[in-house]
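A.B. asks: 3D model of this:
(one chain, ligands or ions: 2)
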Amino acid sequence: MKIEDLRKIGKIQYKGSKNKEKFSFKHYNPEEVILGKKMKDHLKFAMSYWHTLVAEGADMFGEPASDKTFGESDPLEQFKAKADFGFELMNILGIDYYCFHDVDIAPKGKDLKETFDLFDQMVEYIGELQNKYHKNLLWGTANNFTDKKFMVGAATSPNANVYAIAAAKVKKTIDATIKLGGTGFVFWGGREGYETLLNTDMGKELDNLGKFLKLARDYGRKQGFKGDFLIEPKPMEPTKHQYDFDTATAIGFLRKHDLMNDFKINIEANHATLAGHTFQHELRTAAIDNMLGSIDANEGDVLLGWDTDHFPINVYGSTMAMYEILKAGGFKNGGINFDAKTRRASNTVEDLVIAYILGMDTYALGLRKAVAIIEDGRLDEFVEVRYDSFNHGIGKKITNEEVTLEELYQYALSIDDLKVESGRQEYLESILNQILFS
Ligand code: XUL
Ligand code: CO
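C.D. replies: Numbers count the residues shown, from 1 in each chain. Ligands and ions are numbered 1, 2, ... in the order given. Have a look, this model is predicted:
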């Protein structure tokens, strides 16, 4: 891949839903105001550094199929060229944010000290690019899962030295996130879990994880970090049992460790599927507790049971996701990070640009359709009416906690005209289709 190929394509413009130009947005019109806010501020798109600039399409059966050296052989020059390419890509797509792991942005040194020095140099370099291109960091994260020292965990490793190294990487990445003005710091615990209880003290590992998050929170706040700390749940892969299984589990853990005020959830669509949930379910679960922080937009493949990180195409999914996000009041510190990659065989710069256009248009269309659902009002009204029995009589007493179990017993004996209404699912689905396809 070469930066010149991006410059040849040039800035991607909104040309409307009827046009057939491949390098154009059909639905994403960044400056268009919807519900009093520009589309770009509703959606806050972010480029994932790892998939876009690092991963070369190697899989268990095949070697890398895309070239991400960007024409450089010296390691540091190669990472500078990755950054140059990334910022030019954001520039032509009009993406304002990006997200990175510590290991994505700089080469590995001979030891931890040299690795951190190289990291500092690249943070400096990326800071200059941010100013030049007027881009922002959405969130940073420490990759505490790839290196073999993390094979049995990082914050949940049985080895205290590994715990300390993981903590040092988190400190370094929090420093970089603050320096680059990031508004989020994510913890994704790919190795925080276990394979078998035969060798695992699960209680100790969970306690250590809670302590680890508190150390990070205390340090970040002391350094003046005002953004959100975020947990990104995933039930499995690479570890068999991952502790941050899903949103409800992560919230329960944060509540137990008294971290609810500093943390929110970063919800990834494909992780929801792996947990046996819809993306919408995960978003609603977070929103109920005011814990909806940010999203990793992608999707899986119904025929493949792993985290395939496809660019989003499913408009039902993006519509219901944007519906949840709008209802929760929109993004504050968070945004839509495309934790997504092109298929291995789509290995050209053109494929990459088109993949982002697809993802951005899928979410832009989702936003437009979510607004249409809200403005139409039938779905919201149906739900409102469905629970109306809790607004008066015995229901109101239940809502206001003004009733005892004995009173409910007496009341139940007096019910003689019980009628349970239909859920009308197919009717509501037909409204959804009417809105989506009109
Ligand atoms: C892995 C995943 C990660 C996190 C950040 O499935 O989603 O890329 O988003 O570590
Ligand atoms: Co993710």
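A.B. asks: what pairs with the residue nearest to W139 when sequence neighbours are not counted across the strands?
C.D. replies: Leaving aside its chain neighbours, W139 sits nearest to G184 (3.2 Å; criterion: C-beta to C-beta, 6 or more residues apart in numbering). All C-beta atoms are positioned from the backbone trio N, CA, C, and that covers glycine. G184 forms beta bridges with W139, D228, as assigned by DSSP bridges.
A.B. asks: I'd like to check which residues are in contact with G184.
C.D. replies: For G184, the contacting residues are 138-140, 177, 227-230, 266, 293-294, 333-334, by C-beta atoms under 8 Å, 6 or more residues apart in numbering.
A.B. asks: Excluding covalently adjacent residues, which one is nearest to the residue of the chain found nearest ligand 1?
C.D. replies: Per C-beta to the nearest ligand atom, W188 is where the chain lies closest to ligand 1, at 3.5 Å. In space, and not counting its chain neighbours, W188 is closest to E232: 4.1 Å by C-beta to C-beta, 6+ apart.
A.B. asks: so the one you found sits right up against D296, yeah?
C.D. replies: Yes: using C-beta atoms under 8 Å, E232 makes contact with D296 at a distance of 6.7 Å.
A.B. asks: Residues that sit against both of these two, list them.
C.D. replies: Contacts common to E232 and D296, judged by C-beta under 8 Å, 6+ apart, are N266, I267, E268, H271.
A.B. asks: What score does the residue nearest to W139 have for pLDDT?
C.D. replies: G184 carries a pLDDT value of 99.
A.B. asks: swap in S438?
C.D. replies: Per-residue confidence (pLDDT) for S438: 86.
A.B. asks: Show me what the helix or strand containing L209 is in contact with.
C.D. replies: In this assignment (DSSP states H and E), L209 forms part of helix 202-222. With contacts defined as C-beta under 8 Å, 6+ apart, helix 202-222 is touched by 153, 155-156, 158, 163, 166-167, 170-171, 174, 178, 185, 187, 189, 192, 194, 229, 243, 253-254, 256-257, 259, 262-263.
A.B. asks: again with stretch 232-241
C.D. replies: Residues from elsewhere that reach stretch 232-241 (C-beta under 8 Å, 6+ apart): 145, 186-195, 242, 244-247, 249-250, 265-268, 271, 274-276, 282, 296, 306-307.
A.B. asks: List the buried residues of that stretch.
C.D. replies: If you call a residue buried by 16 or more other C-beta atoms under 10 Å, then stretch 232-241 has these buried ones: E232, P233, K234, P235, M236, T239.
A.B. asks: Can you check the distance spanned by it, start to finish?
C.D. replies: One end of stretch 232-241 sits 15 Å from the other (C-alpha to C-alpha, to the nearest Å).
A.B. asks: so how far is that stretch off the chain centroid?
C.D. replies: 15 Å (C-alpha atoms, centre = their mean, to the nearest Å).
A.B. asks: Average pLDDT for it, rounded please.
C.D. replies: 98.
A.B. asks: Is ligand 1 within reach of that stretch?
C.D. replies: Yes: counting by C-beta under 6 Å from any ligand atom, ligand 1 has neighbours in stretch 232-241: E232, K234.
A.B. asks: Write out the residues of the protein neighbouring ligand 1.
C.D. replies: Going by C-beta under 6 Å from any ligand atom, the residues of the chain near ligand 1 are H101, T141, V186, W188, E232, K234, E268, D296, D307, D339.
A.B. asks: switch the cut-off to 8 Å
C.D. replies: Residues of the chain found near ligand 1 (C-beta under 8 Å from any ligand atom) are 48, 50-51, 99, 101, 141, 143, 145, 186, 188, 190, 232, 234, 237, 266, 268, 270-271, 296, 307, 309, 337, 339.
A.B. asks: Filter those residues down to the ones in strands?
C.D. replies: Among those, the members falling in strands are S48, C99, H101, T141, V186, N266, E268, D296, N337 (criterion: DSSP state E).
A.B. asks: could you pull out the helices for the stretch 201-350 of the chain?
C.D. replies: Remark: helices assigned in the stretch 201-350 of the chain by DSSP state H, counting those that start in this stretch are 202-222, 247-256, 269-274, 279-288, 315-327, 349-376.
A.B. asks: okay, those, which one's buried deepest?
C.D. replies: helix 269-274 (a mean of 25; mean count of other C-beta atoms under 10 Å).
A.B. asks: returning to that earlier point: in strands only, show me the contacts of helix 202-222.
C.D. replies: F185, F187, Y194, F229, F263.
A.B. asks: Tell me, how many residues neighbour the closest residue to G189 other than its chain neighbours?
C.D. replies: Ranked by C-beta to C-beta, 6+ apart and with sequence neighbours excluded, the top spatial neighbour of G189 is D244, at 5.4 Å. Using other C-beta atoms under 10 Å, D244 has 23 other residues around it.
A.B. asks: Just to check, D244 is in contact with I231?
C.D. replies: Yes: between D244 and I231 there is a contact at 5.4 Å, judged by C-beta under 8 Å.
A.B. asks: Return the residues of the stretch 251-400 of the chain in contact with ligand 2.
C.D. replies: E268, D296, D339 (C-beta under 5 Å from the ion).
A.B. asks: again, only using 8 Å
C.D. replies: Within the stretch 251-400 of the chain, the positions near ligand 2 by C-beta under 8 Å from the ion are N266, E268, N270, H271, D296, N298, D309, N337, D339.
A.B. asks: Many thanks, I have nothing further to ask.
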